[in-house]
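Visitor: have a look; sequence and predicted model below, questions after that.
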Amino acid sequence: MSESSVIQVSNLKKVYGKTVAVDNVSFEVKKGEIFGFLGPNGAGKTTTIRMLTGVILPDEGEAKILGIDIKEDPISVKKIMGVVPEVCNVYVDLSSWDNMILTGKIYGVKRKEREEKAEELLKKFGLWERKDEKTRKFSKGMKQRLILAMSLIHEPKILFLDEPTSGLDVQSTRMIRKIIEELRLKGKTIFLTTHNIEEANLLCDRIAIINKGKIVAIDSPEKLKSTFKRMQSVEVAFDRIPEDIRWLHSIPYVNECKKLGDKFRVYTKDPDSLIKELVNFAEKNNLKFISLNTLGPSLEDVFVALTEKVEAKYHE
Amino acid sequence: MSKLHTKRTFLYTLKASLVITEKNARIYYLKAPVIIFGILFPVFFFLAFALGKKVIPFILVPGLVAMTLFFTSSSVGPLITPWERNAKTYERLLASPVSLSSILLGDMLAGVIFGVIISSIPLTIGILFFNAKFFHPLFLAGNIVLSSLCFSSLGVLLASPAAEAPSQVMMLSSLVRFPLIFISGIFIPLDKLPFWGKVIAFISPLTYTVDAMKYSLYDLKSYPAFINILALLFFSFVFFSIALKMHRKNLIKVL
Ligand SMILES: Nc1ncnc2c1ncn2[C@@H]1O[C@H](COP(=O)(O)OP(=O)(O)OP(=O)(O)O)[C@@H](O)[C@H]1O
Ligand SMILES: [Mg+2]
C-alpha cells in the first residue's frame, strides 16, 4: 500500500439475497486522481459507492479512507468526504441558500465559514441570483448543481459522485465536468461512477471496469485502449456505396466490418495493409474516396470486449 | 483520553441531533399529514366524544391534554423517514457525518418540541376555563416532557417499516394509535373497563400520561407518581431501542 493512496479497498463484498452485488473488489485510488468506475446497469457501482461512503456496511472486506477504516470510525471518515448519491435531491421546501447552510451545519462547518463558502459556491454554480427561492421549481440541472455545491461546503478532500451527469443537458453536464476538473487541479481526489464511456475517457486518470460485481480491468483510458490493438479500425467513405462489400471480409487481417450510415468501419490489427487494399479496391471499382480515417480502439470497444468476455465465461 | 473522547462524541451526537431537529421542524411541522393527524384529528375526535355529554372538567381536561400530547408528539416521527426516502433526501443524510442514532434522536426531539408546544394550548384552556390548577407543577412539567418523549419515540418506531409511500406509514401509524385512546382512561375510566381492557391499559403508555395529568391538574390520584414516571421512561427506552434496530434493518430495503 503506497503512501499516496487515499482510498484503499480490499476484498469488498456485498450480497443481497442471491445477488452478489459486489464480489471481492479490491483497488486503490491515489491522491489527486479522478478515478472512474465504469460498468453497465446493475454492475455494482452504486453498491460499491454506498459501502465506501458508509451508507451500508460491507459483508466482507475492508475500505480505508486516508488510512481510516470506514467501519471503525465512520463519522471521521464521512467528514472528509463529499457525496453525491445516484438518486438524490435537495430539500425542495427550502431555498438553495438554506440547503447550503443546513448541509454546512450537518457537516459541522462554523457559521462564518459556511456562509462565506455557501456564497462562493452558489455564485460559482450560477445559482446566486435565485438563492432565496424555494428549490421546488428548480430544473433538474439546477438541482444537480446545487447538490454538487452542497457536497463541497465542508471542503472535502475526497469526492464521491455516483453518475453525476446522467440525465442532464449538455450545458449542465459541461459545467459539472468543468468543475470536476477544477477540483482535481485543487488536489481533490474524485471517485466517480458512470456508464458513459466518453465521460470516463474525458475525465478519468484511471478507470476500473466493473461487470457483475467484479472488476475486469483497471488502467488509464489510453492503456486500456492500447491493450486492445486488434480493435484498431479504419473508417472509409466512398462517393457511392460499392455493390459488393463481401471482399472486405475476405481480407485476412480484417476482424470485423460494419456499415455506419454512408461509411464503413473496418476493424483490423494492421491498418497499413488494409488501407493499401482499400486503395486497390477503389481503383478497381472506380470509386472515389470521400474520407479515410484510422481510429484507435474506442473505450467503448474495450468496454464491450471486456464485459462480453465475462459474459461468455458465465455461460460456459 | 477515552473519557474525553466519549464526552466529545456525546456532545457531537447531541449537536448533530439538534441540527436534524431544526431541519425537521422547518420542513415537517407544516406538512399536511402532521397537521391533520397531529392536530385536527384529536380535536375533532374529542369534540365528537365530549359533545352531548355533561362536561366533567377533571375528566375532560387531563384527557384532552394527554390526547393532544399523544397525537402531536407521535405524528411527526412517522412522517419524516418515509418522506425523506420518497423525496430522495435520505441517502445523502445517511452519507453525512451523523450517525443513524443521531438522526433518529433528532426526529424524536422534533416530535417532543411539537408535542410540548401544541399541548400547551389545551392546557391553557383547562387552566383558564375548567378549573385546572398547577397542583404539582414540577411533576406536570416532567410528565409533559416524558410523555412527549415516549410518544415521539413511538412515532419514530412507526416510521421504520420499509413502505413504498409515506401515506402507507401514516395509515399504519393511525391504526396503532387510535385504539390506544379508548383503553387509556381518557373517555372510559380505567375501573369501568373489562378485565382485558385493564390489561391493555396497563401496557399503553398513554394510561400513565392521563393518570399523571389528573394528579397534577386536579390532584386526583390512582397510581403513585413514580410508577407513572418509571413507566413512561421504560416505554420511551423500549420504543427508541426497537426503532433504532428496525430502522437499521430496513435501511437497505428502501435505498
Ligand atoms: N437494496 C437492494 N436490495 C436488493 N438488491 C439490490 C439492492 N441494491 C442493489 N441491488 C442489486 O445489486 C446489483 C448491483 O446494483 P447497483 O445498484 O450497485 O448497480 P449499478 O452498477 O449502480 O447499476 P446502475 O448503472 O443501474 O446504477 C443489482 O443486481 C441490483 O439489483
Ligand atoms: Mg448505480
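Guide: Now that the structure is in, tell me what you want to look at. Ligands and ions are numbered 1, 2, ... in the order given.

Visitor: for the stretch 101-250 of chain B, what spans make up the helices?
Guide: B:137-158, B:166-182, B:195-202, B:205-218, B:225-254 (DSSP state H, counting those that start in this stretch).

Visitor: just those helices: most buried one?
Guide: helix B:205-218 (a mean of 26; mean count of other C-beta atoms under 10 Å in any protein chain shown). Where C-beta positions appear, they are placed from N, C-alpha and C, glycine not excepted.

Visitor: chain center to it, what's the gap?
Guide: The chain centroid and the centroid of helix B:205-218 are separated by 15 Å under C-alpha atoms, centre = their mean, to the nearest Å.

Visitor: so that helix versus helix B:137-158, what angle?
Guide: Put simply, helix B:205-218 runs at 160 degrees to helix B:137-158, going by axes from the mean of the first three to the mean of the last three C-alpha atoms, to 10 degrees.

Visitor: residue ranges in the stretch 51-200 of chain B under the pLDDT threshold?
Guide: Where the stretch 51-200 of chain B drops to pLDDT under 70, the residues are B:52-54.

Visitor: hang on, the earlier thing: kindly reformat the helices of the stretch 101-250 of chain B as CSV containing distance to A:Trp97.
Guide: Output for these, formatted as CSV (distance: least, C-beta to C-beta, whole Å):
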stretch, distance to A:Trp97
helix B:137-158, 29
helix B:166-182, 26
helix B:195-202, 50
helix B:205-218, 40
helix B:225-254, 29
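
Visitor: could those helices go into CSV alongside distance to chain A?
Guide: Converted to CSV, the helices of the stretch 101-250 of chain B look like this (distance: least, C-beta to the nearest C-beta, whole Å):
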stretch, distance to chain A
helix B:137-158, 19
helix B:166-182, 14
helix B:195-202, 38
helix B:205-218, 31
helix B:225-254, 6
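
Visitor: can you lay out those helices as TSV showing distance to ligand 2?
Guide: Formatted as TSV, those follow (distance: least, C-beta to the ion, whole Å):
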stretch	distance to ligand 2
helix B:137-158	29
helix B:166-182	24
helix B:195-202	47
helix B:205-218	42
helix B:225-254	15
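
Visitor: closest to ligand 1 out of the ones you listed?
Guide: helix B:225-254 (4.9 Å; C-beta to the nearest ligand atom).

Visitor: domains of chain A?
Guide: Domain assignment for chain A by automatic domain parsing gives A:5-220, A:229-296.

Visitor: out of these, which one sits most buried?
Guide: By mean count of other C-beta under 10 Å, those have domain A:5-220 as the most buried, with a mean of 19.

Visitor: give me the neighbour count for B:Pro57.
Guide: Using other C-beta atoms under 10 Å in any protein chain shown, B:Pro57 has 14 other residues around it.

Visitor: got phi/psi on it?
Guide: phi -50, psi -40 (degrees, to the nearest 10).

Visitor: for it, list the residues it contacts.
Guide: B:Gly126, B:Phe130, B:Asn131, B:Ala132, B:Tyr218 (C-beta atoms under 8 Å, 6 or more residues apart in numbering or on different chains).

Visitor: can you give me the strands for chain A?
Guide: Listed in chain order, the strands of chain A (DSSP state E) span A:5-16, A:19-30, A:34-38, A:60-65, A:68-69, A:81-84, A:158-162, A:189-194, A:206-211, A:214-219, A:233-238, A:254-260, A:263-268, A:289-295.

Visitor: B:Leu140: which of the ones you listed is closest?
Guide: Distance to B:Leu140, taken as C-beta to C-beta, is lowest for strand A:81-84 among the strands of chain A, at 45.2 Å.

Visitor: what packs against the closest one?
Guide: Applying 3 or more C-beta pairs under 8 Å, 6 or more residues apart in numbering or on different chains; DSSP states H and E, we find strand A:81-84 packed against strand A:158-162, helix B:90-95.

Visitor: near ligand 1 at all, the longest one?
Guide: Right, helix B:90-95. No - using C-beta under 6 Å from any ligand atom, helix B:90-95 stays clear of ligand 1, with a minimum separation of 11.0 Å.

Visitor: how far does that helix sit from the chain's center?
Guide: Distance, stretch centre to chain centre, for helix B:90-95: 25 Å (C-alpha atoms, centre = their mean).

Visitor: other residues contacting it?
Guide: Residues outside helix B:90-95 that contact it (C-beta under 8 Å, 6+ apart): A:50, A:53-55, A:78, A:83-85, A:87-88, A:106, A:147, A:160, B:81, B:84, B:100, B:103, B:251, B:254-255.

Visitor: next: the shortest one.
Guide: The list of residues contacting strand A:158-162 from outside it, by C-beta under 8 Å, 6+ apart, reads A:6-7, A:45-46, A:49, A:52-53, A:65-66, A:80-86, A:148, A:151-152, A:180, A:183, A:188-193, B:95.

Visitor: so what's the closest residue to A:Leu202 other than its chain neighbours scoring on pLDDT?
Guide: Once flanking residues are discounted, A:Leu202 sits nearest to A:Arg177: 7.0 Å by C-beta to C-beta, 6 or more residues apart in numbering or on different chains. The score at A:Arg177 is 92. That number is its pLDDT.

Visitor: in contact with A:Arg177, which residues are there?
Guide: A:Thr165, A:Glu199, A:Leu202, A:Leu203.

Visitor: any idea how far it lies from A:Glu198?
Guide: For A:Arg177, the distance to A:Glu198 (C-beta to C-beta, to the nearest Å) stands at 11 Å.

Visitor: does B:Val34 touch B:Val76 like I think?
Guide: Yes - at 5.9 Å, B:Val34 and B:Val76 qualify as touching, with contact defined as C-beta atoms under 8 Å.

Visitor: around ligand 1, pick out the residues from the stretch 1-150 of chain A.
Guide: Counting by C-beta under 6 Å from any ligand atom, the stretch 1-150 of chain A sits next to ligand 1 at A:Tyr16, A:Thr19, A:Ala21, A:Gly39, A:Asn41, A:Gly42, A:Ala43, A:Gly44, A:Lys45, A:Thr46, A:Thr47, A:Glu86.

Visitor: in helices, which of these fall?
Guide: Using DSSP state H, A:Lys45, A:Thr46, A:Thr47 are the members of those that sit in helices.
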